[in-house]
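In: Below are the sequence and a predicted model for it; my questions follow.
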Amino acid sequence: GESVGLHLPTLSVQEGDNSIINCAYSNSASDYFIWYKQESGKGPQFIIDIRSNMDKRQGQRVTVLLNKTVKHLSLQIAATQPGDSAVYFCAENAGGTSYGKLTFGQGTILTVHP
Amino acid sequence: NAGVTQTPKFQVLKTGQSMTLQCAQDMNHEYMSWYRQDPGMGLRLIHYSVGAGITDQGEVPNGYNVSRSTTEDFPLRLLSAAPSQTSVYFCASRGGTAPNSPLHFGNGTRLTVT
């Protein structure tokens, strides 16, 4: 079946650097994408989302880019801080009759060194 | 506003025992769902509900039952626990009927079946 995957399972950066976390998806019918952050012992926390009719969306220190041509999603975190250390998941909604059924990637571990 | 509340936080069961994982949300969300999270597998959908009295199966429903008698509560029942059900379980909810809105997660129940 269709799945969402991540290119890099781990990412280590220095505090203050920019971080880029990538995600590949294979379902061309997906119409909505979300990035989640999960800290140890907690549930996933919503960061930012984007619909398929957009190619970029910005939040506070975060930007999501969507390239539908190559089915690629990325999360950019500006001026990364130690508090950003967590596992980051992308998720897609396949649209159509797949109402509400988000498919999650396996996650990327982001480690920020002070 | 507590969001999504899951109880218990931790549980140990013997094979064959039954139990109910509780989930409650105070955001008046119509949509609720249960996921399990296993290492290397990401989050997988077990069951979901689009409103009181309506439930449906997700990707991995076997061994689990759900009911939705109220908008607020969505319990997950394990009828006869098996070691393969050792996992972290997350309940999530979403407001409105549109799929293009993020899920709000609880902090999880860590279940061990011996």
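Out: Good, I have the coordinates. Numbering: from 1, shown residues only, chains lettered A, B, ... in the order given.
In: Find the residue ranges of the chain scoring beneath the pLDDT cut-off.
Out: Chain wasn't specified; assuming chain A. Along chain A, segments meeting pLDDT under 70 span A:1-8, A:95-100.
In: nope, chain B please
Out: Counting by pLDDT under 70, the ranges of chain B that qualify are B:1, B:96-100.
In: And the residue nearest the centre of it?
Out: residue B:34 (2.8 Å; CA atoms, centre = their mean).
In: and it, bridged to which residues?
Out: For residue B:34, the beta-bridge partners under DSSP bridges are residue B:47, residue B:91.
In: Minimum distance to chain B, which residue of chain A gives it?
Out: residue A:43 (3.4 Å; CB to the nearest CB). Heads up, the C-betas are built off the backbone N, CA and C, glycines and all.
In: Count the residues that sit near that residue.
Out: By other CB atoms under 10 Å in any protein chain shown, 23 other residues sit near residue A:43.
In: my guess is it contacts residue B:110, does it?
Out: No. Counting by CB atoms under 8 Å, residue A:43 does not reach residue B:110; the two are 11.7 Å apart.
In: hang on, the earlier thing: I'd like the distance between the residue of chain A closest to chain B and residue B:46.
Out: Applying CB to CB, to the nearest Å, one obtains 15 Å for the distance of residue A:43 from residue B:46.
In: And residue A:63, by the same measure?
Out: For residue A:63, the distance to residue B:46 - CB to CB - is 33 Å.
In: residues in contact with stretch A:48-68?
Out: For stretch A:48-68, the external contacting residues (CB atoms under 8 Å, 6 or more residues apart in numbering or on different chains) are A:28, A:30-35, A:47, A:72-79, A:95, B:100-102.
In: Tell me the buried residues within those.
Out: Buried members of the contacts of stretch A:48-68, scored by 16 or more other CB atoms under 10 Å in any protein chain shown, are A:30-35, A:47, A:73-77, A:95, B:100-102.
In: Between all of the residues you listed, which two are at the greatest distance?
Out: Pairwise distances across those peak at 27.2 Å for A:77 and A:95 (criterion: CB to CB).
In: didn't residue B:68 look like it was pressed against residue B:55?
Out: Yes. Under the criterion of CB under 8 Å, residue B:68 makes contact with residue B:55 at 5.5 Å.
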